[in-house]
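Visitor: A predicted structure for the sequence below; I have some questions about it.
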Amino acid sequence: MMKAISPTEKLLVEVRDHIAVLTINNPPANTWDRESLAGLKTIIHRLDSMRDITALVIHGQGEKFFSAGADLKQFASGDKVTAAEVARLFGEAFEALAQFEGVAIAAVNGYAMGGGLECALACDIRIFETHAQVALPEAKVGLLPCAGGTQRLSWLVGEGWTSRLILCGERISADTAEKIGLAQEIVPKGQALEQAILLATQVAQQSPDAIRSCKSLMIQAREHAISAGLKSERTLFVDLIGEQNQLEGTNAFLEKRSPVWQ
């Protein structure tokens, strides 16, 4: 890890020539919390200032999880102030990632749930391992995706599949993710990082100035179109906090029981 780039042990950063490799390192499930979210924003800004970095590869520590999303313990009390802070940090972190000046590649090496999938959605390219599964299950615990899930997923795969994942709570396989355009490639277990780095190497063979210009144009329409929706996500997320169904859903999940909705 290069401590000059990463301010937290929960995000390990290694620079290989023109490629930065970021490992989400918060076992057992590589969940996101205030420390790692603030750290991701800092890392992206530092990488943007390093003009020789043309690509960023993100993967999860271990073999099971890319990232299981937010640590739900942060919302178990129903405190709106805490929830608003976490939602803001999610937004700032993943919006910084989406606007990273180089090419961001997610090596999805396992489960990518909730905020884990939203992290991958903020990347430009997603490579899945065969056993990877993804979902946006927030409604099952009385919440909603607050870090771009309702906006970027719709942009990528359309409203139909977004409805299945968010409104029906469906979990999909790597094969389905590739079929709907969410995954750009599927590789055997343990090979996503290697393939992502190979792809990042192709990026490094091109003009970094041209890459930055192309990237800015490609994201311009998307980020401008969804900017209001991203803010509304966070507002409505906080509105749900502290309500009876949110408290029941979140605590039911933590207690490993089925929720009883009102």
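Guide: Okay, I see it. Residues are numbered from 1 along each chain as shown.
Visitor: longest helix in the protein, by residue count?
Guide: helix 208-240 (DSSP state H).
Visitor: so what does it touch, helix or strand wise?
Guide: For helix 208-240, the elements it packs on are helix 80-98, helix 149-157, judged by 3 or more C-beta pairs under 8 Å, 6 or more residues apart in numbering; DSSP states H and E. For glycine as for every other residue, the C-beta is placed from the backbone atoms N, C-alpha and C.
Visitor: any idea how far Asp79 is from Ala132?
Guide: Noted for Asp79: a distance of 33 Å to Ala132, by C-beta to C-beta, to the nearest Å.
Visitor: give me the more crowded residue out of those two.
Guide: Ala132 (27 against 13; other C-beta atoms under 10 Å).
Visitor: pretty sure that one contacts Gly110?
Guide: Yes. The criterion here is C-beta atoms under 8 Å, and Ala132 meets it with Gly110 at 5.9 Å.
Visitor: got any residues that touch both of those two?
Guide: Phe66 (C-beta atoms under 8 Å, 6 or more residues apart in numbering).
Visitor: next, the buried residues of stretch 251-259.
Guide: Asn251, Ala252, Phe253, Pro259 (16 or more other C-beta atoms under 10 Å).
Visitor: ignore the last one, stretch 45-64
Guide: Those would be 46-48, 53-62, for stretch 45-64 by 16+ other C-beta under 10 Å.
Visitor: could you work out the end-to-end span of that stretch for me?
Guide: When the termini of stretch 45-64 are compared using C-alpha to C-alpha, to the nearest Å, they are 29 Å apart.
Visitor: cool, and stretch 117-135?
Guide: Rule used - C-alpha to C-alpha; the end-to-end distance of stretch 117-135 is 7 Å.
Visitor: swap in stretch 47-65?
Guide: Start-to-end, stretch 47-65 (C-alpha to C-alpha) is 25 Å.
Visitor: got it, and stretch 248-262?
Guide: 9 Å.
Visitor: tell me how far it lies from the chain's centre.
Guide: Relative to its chain's centre, stretch 248-262 lies at 24 Å (C-alpha atoms, centre = their mean, to the nearest Å).
Visitor: residues in contact with that stretch?
Guide: Applying C-beta under 8 Å, 6+ apart, the set of residues contacting stretch 248-262 is Leu72, Lys73, Phe75, Ala76, Lys140, Val141, Gly142, Leu143, Gln244, Asn245.
Visitor: mind checking which of the residues you listed are in helices?
Guide: Gln244, Asn245.
Visitor: of the contacts of stretch 248-262, which is the most crowded?
Guide: Going by other C-beta under 10 Å, Phe75 tops the contacts of stretch 248-262 with 27 neighbours.
Visitor: state the phi and psi torsions of the residue nearest to that residue when sequence neighbours are not counted.
Guide: Distances taken as C-beta to C-beta, 6 or more residues apart in numbering place Thr250 nearest to Phe75, at 5.3 Å, with adjacent residues excluded. Per-residue torsions, Thr250: phi -70, psi -50 (degrees, to the nearest 10).
Visitor: distance-wise, check the nearest residue to Val86 once chain neighbours are set aside relative to Leu11.
Guide: Spatial nearest neighbour of Val86, excluding adjacent residues (C-beta to C-beta, 6+ apart): Gln74 at 5.4 Å. From Gln74 across to Leu11, the span is 18 Å (C-beta to C-beta).
Visitor: who has more neighbours, these two?
Guide: Taking neighbours as other C-beta under 10 Å, Gln74 and Leu11 compare with Leu11 leading, 24 against 17.
Visitor: the more buried one is in contact with Gly39, isn't it?
Guide: Yes. Between Leu11 and Gly39 there is a contact under C-beta under 8 Å: 4.9 Å.
Visitor: so where's the protein uncertain?
Guide: Along the chain, segments meeting pLDDT under 70 span 1-3.
Visitor: the same query, at a cut-off of 80, please.
Guide: 1-4 (pLDDT under 80).
Visitor: tell me which element the residue nearest the centre of it falls in.
Guide: Computing the C-alpha centroid of the chain and ranking residues by C-alpha atoms, centre = their mean puts Cys119 first, at 0.9 Å. Assessed by DSSP states H and E, Cys119 sits inside helix 115-121.
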